[in-house]
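Q: mind looking at a prediction? Sequence and model below.
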Amino acid sequence: PVDGPIAMVKKLAESPRVRQVFVRHAFRYWMGREENLGDAPTLIAADRAYVAGGGSMKALIESLLTSDSFLLRTRPPGVPQ
C-alpha cells in the first residue's frame, strides 16, 4: 500500500523489477525485436551498465549497441535489404 501517487512513483522508481522491465523495453526498441533466451547476457549487462551509470540512458544504449545481440544480428527472413 502507498499513500498517494507521489509515494507510488517513488516506490516504482526503487523497484529492481520495474528497472528490468524498462531495460527490456529499451532492448526491444533498439534491437527492433523481442528478446530471446540467448539475449539474457545482453539484458544483464545492460541492466548493470544502467545501474553503474546511475540511471544513465547513454550507458544503457551503449551497452546494448556494443553487445553480441546487436553486433551479430541477422536480417529476418523476408525483410528486404
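A: Sure, I can see it.
Q: any low-confidence regions in this protein?
A: Within the chain, no stretch has pLDDT under 70.
Q: tell me which stretches of it form helices.
A: In the chain, the helices defined using DSSP state H lie at 5-13, 16-31, 40-52, 57-65, 68-71.
Q: and the ones you listed as a markdown table, adding mean neighbour count and distance to Pro80?
A: The C-beta positions use only the backbone N, C-alpha and C, and glycine is treated the same way. Putting the helices of the chain into a markdown table (neighbours: other C-beta atoms under 10 Å; distance: least, C-beta to C-beta, whole Å) gives the following:
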| stretch | mean neighbour count | distance to Pro80 |
| --- | --- | --- |
| helix 5-13 | 11 | 41 |
| helix 16-31 | 15 | 19 |
| helix 40-52 | 17 | 26 |
| helix 57-65 | 17 | 23 |
| helix 68-71 | 15 | 20 |
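Q: and these: which comes nearest Pro77?
A: Among the helices of the chain, helix 16-31 comes nearest to Pro77, with 16.7 Å by C-beta to C-beta.
Q: roughly how far is that closest one from the heart of the chain?
A: The gap between where helix 16-31 is centred and where its chain is centred comes out at 3 Å by C-alpha atoms, centre = their mean, to the nearest Å.
Q: could you dump that helix to PDB, C-alpha only?
A: Listed in PDB are the C-alpha atoms of helix 16-31, where the atom choice follows Å, rounded to 0.1, in the frame of the first residue of the first chain:
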ATOM      1  CA  PRO A  16      14.500  -3.600  -9.500                       C
ATOM      2  CA  ARG A  17      11.700  -5.300 -11.400                       C
ATOM      3  CA  VAL A  18      10.400  -2.000 -12.800                       C
ATOM      4  CA  ARG A  19      14.000  -1.200 -13.800                       C
ATOM      5  CA  GLN A  20      14.400  -4.500 -15.500                       C
ATOM      6  CA  VAL A  21      11.200  -4.000 -17.500                       C
ATOM      7  CA  PHE A  22      12.500  -0.600 -18.600                       C
ATOM      8  CA  VAL A  23      15.800  -2.200 -19.800                       C
ATOM      9  CA  ARG A  24      13.800  -4.900 -21.600                       C
ATOM     10  CA  HIS A  25      11.700  -2.300 -23.400                       C
ATOM     11  CA  ALA A  26      14.900  -0.400 -24.400                       C
ATOM     12  CA  PHE A  27      16.300  -3.700 -25.700                       C
ATOM     13  CA  ARG A  28      13.200  -4.200 -27.800                       C
ATOM     14  CA  TYR A  29      13.300  -0.700 -29.200                       C
ATOM     15  CA  TRP A  30      17.000  -0.600 -30.100                       C
ATOM     16  CA  MET A  31      17.100  -4.200 -31.400                       C
END
